[in-house]
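Asker: The sequence and its predicted three-dimensional model are supplied below.
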Amino acid sequence: MYRPDAEILDDFVTRALAEDVGAGDHTTLACIPADAVSNAKLLVKDVGIVAGVEVAAFIFNKVAPEAEVRIHIQDGSPVHDGDIVFEVFHCNTRALLMAERLILNTMQRMSGIATLSNSFAFEVEDLPVKILDTRKTTPLIRFLEKWAVELGGCYNYRDGLYDWIMIKDNHIDACGGVGQAIAQVAAYQKANGLKLNVTVEVRNLVELSEVLEAGNVTRILFDNFEWLLLKEAVATVAKRYETEASGGVNIHNVRLVAQTGVDYVSVGALTHSATSLDMSLKIVK
């Protein structure tokens, strides 16, 4: 399971609190005594898959290490309206109110992504295909969004530009052709001692033929192929390379796309179109 290390998570929390709190939470400082202590609960007001519980616990440990967090529902679990995901006991009230919005924003966003991912995974659960996320993520919180994708039952693709080579249409056009692009990538990897996986995007059967002739790739990505053409393209590859479909994939057509026999379907919507799950953090009197 994808998880950021503690250093990355700590940096995120530090920067997020600095963004929100700034010179101080003046409302809370004015209303709440410094030694006030409260209990609270995370209440779900929606239906979906919960994500970000570990992040919430991390935040509490950072801002109020004396508080006790009792988790009732783990990350990746289904939740319903009225469920209590966790309770917090003996927490400094100022710290609780300072962290409230960061915890909710993070959990609502992650839970929305996990819920949408789970819906996509459900559509193809009986087929030999994997649904992948993309780089269409919110800047600086990609690690949280990709974590949520996995909690929802889908899979992570590359983390960034650095860990997987993907030759796309602009690379091909700028290079003068798909064969040239593949050759230059192979030469670059050799010169730099790299052995990264290589995906090449093709737009038609002519480019597919050029890729099959050139070789030196891991996966062939069919971008915005009509269904019959996609099925023909997958059959043409005949398992010599991994195959992937992308472009225009939604919850209504993902199963049809998967039935062409592709190994992977990449869906940008998992992260760029997810709707946050409704929840609240309430102080318990």
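Answerer: Yes, it's here. Numbering: from 1, shown residues only.

Asker: Residue ranges in the protein under the pLDDT threshold?
Answerer: Along the chain, segments meeting pLDDT under 70 span 1.

Asker: Tell me where it has strands.
Answerer: For the chain, the strands defined by DSSP state E cover 37-44, 48-49, 68-71, 78-79, 84-92, 130-132, 165-167, 198-202, 219-223, 242-246, 264-266, 279-284.

Asker: is it possible to export those strands to CSV including distance to Leu151 and mean neighbour count?
Answerer: For the C-beta atoms, the positions are set from N, CA and C on the backbone; glycine is no exception. Below are these laid out as CSV (distance: least, Cβ to Cβ, whole Å; neighbours: other Cβ atoms under 10 Å):
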stretch, distance to Leu151, mean neighbour count
strand 37-44, 15, 19
strand 48-49, 7, 24
strand 68-71, 14, 14
strand 78-79, 11, 16
strand 84-92, 13, 18
strand 130-132, 13, 20
strand 165-167, 25, 20
strand 198-202, 25, 23
strand 219-223, 24, 22
strand 242-246, 22, 22
strand 264-266, 18, 23
strand 279-284, 15, 16
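
Asker: Out of those, flag the one nearest Tyr188.
Answerer: strand 165-167 (8.6 Å; Cβ to Cβ).

Asker: which non-adjacent residue is nearest Leu256?
Answerer: When the adjacent residues along the chain are set aside, Leu256 lies closest to Trp227, with 6.3 Å between them (Cβ to Cβ, 6 or more residues apart in numbering).

Asker: Wait, that neighbour touches Val257, no?
Answerer: Yes - using Cβ atoms under 8 Å, Trp227 is in contact with Val257, at 7.3 Å.

Asker: Between those two, which is the more surrounded one?
Answerer: With neighbours defined as other Cβ atoms under 10 Å, Trp227 and Val257 compare such that Val257 has more, 25 against 13.

Asker: My read is that the more buried one contacts Glu244, right?
Answerer: No - using Cβ under 8 Å, Val257 is not in contact with Glu244, being 10.4 Å away.

Asker: intersection of neighbour lists for the two?
Answerer: Taking Cβ atoms under 8 Å, 6 or more residues apart in numbering as the contact criterion, the common neighbours of Val257 and Glu244 are Val265.

Asker: Sweet, I'm off.
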